[in-house]
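Enquirer: Please work out how this folds:
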Amino acid sequence: MQIIPSLLFGISASLDALLIGIGYGIRGIRIHLWQNLLISGITLAGTCLSVGFGDWLALKLPYMVCKYVGSIVLMLLGVWYVVKWLVKMLAHKRETAQAAAAEAILRLSPLEVLGLGISLSLNNIGIGLSASISGLTLLPAAIATLSCSLLFLFAGNRLGRSRPLQLFGAAADPVSGILLILLAFLQAFL
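Expert: Now for the predicted structure:
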């Protein structure tokens, strides 16, 4: 029964990759296959480390503590993503002309690729740790994360100029939050 929780985890953990792909696609910056593989590989490594540490920690703690503490943390992370999105929507933050001009580079440097991979990886640490403590296993979570990351970066980058993806990209935080809350319920009650 690890397929659905792992898939939810992979989607939730990789929605930021979709946003990044869309953002670069909108600006006309192509993410090459080698860049996508490197970014997704770094993200996978960070996720595996956090899930592995969570698995180790789960061995040290009683099962019920792990199950419910991990699920509560996932739920709180999910609520955080939804609240963060609501605050952003209420504040009506807009890009300044300076920020838009600074991002108008038409290619990704190797340093930017590394930075994207590390930032996506760091974003998944809390999710991976809490998901593994609540019972998610490493291999299915890793496969789902890598697959979703590769797919979302590719799809976002290729279709970044389309209006429907721009709207979905803007909703990545609440969608990710809702998926995390759903994952928390699945892990706590199944």
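
Enquirer: buried stuff in stretch 43-53?
Expert: When burial is assessed from 16 or more other C-beta atoms under 10 Å, stretch 43-53 yields the following buried residues: 43-44, 46-48, 50-51. C-beta coordinates here come from the backbone N, C-alpha and C atoms, glycine included.

Enquirer: Among those, which ones are in helices?
Expert: Counting by DSSP state H, the members of those that fall within helices are 43-44, 46-48, 50-51.

Enquirer: if we take those, which one ends up nearest to Ala155?
Expert: Taking C-beta to C-beta as the measure, Ala155 lies nearest Thr43 of those, at 15.6 Å.

Enquirer: Can you list the low-confidence ranges for this structure?
Expert: 1, 66-67, 70, 74, 92-106, 165-170, 172, 187, 190 (pLDDT under 70).

Enquirer: which residues in it form strands?
Expert: Assigned by DSSP state E, the strands in the chain number zero.

Enquirer: Pull up the gap between Asp55 and Pro62, please.
Expert: Taken as C-beta to C-beta, to the nearest Å, the spacing of Asp55 relative to Pro62 amounts to 15 Å.

Enquirer: which one of those two has more residues nearby?
Expert: The neighbour comparison of Asp55 against Pro62 (other C-beta atoms under 10 Å) goes to Asp55, with 19 against 9.

Enquirer: who's in contact with that one?
Expert: With contacts defined as C-beta atoms under 8 Å, 6 or more residues apart in numbering, the neighbours of Asp55 are 132, 137-138.

Enquirer: before we move on, what about Thr47?
Expert: With contacts taken as C-beta under 8 Å, 6+ apart, Thr47 has the following neighbours: 13, 121, 124, 128, 141-142, 145.

Enquirer: again, only using 6 Å
Expert: Taking C-beta atoms under 6 Å, 6 or more residues apart in numbering as the definition of contact, the neighbours of Thr47 are 124, 128, 145.
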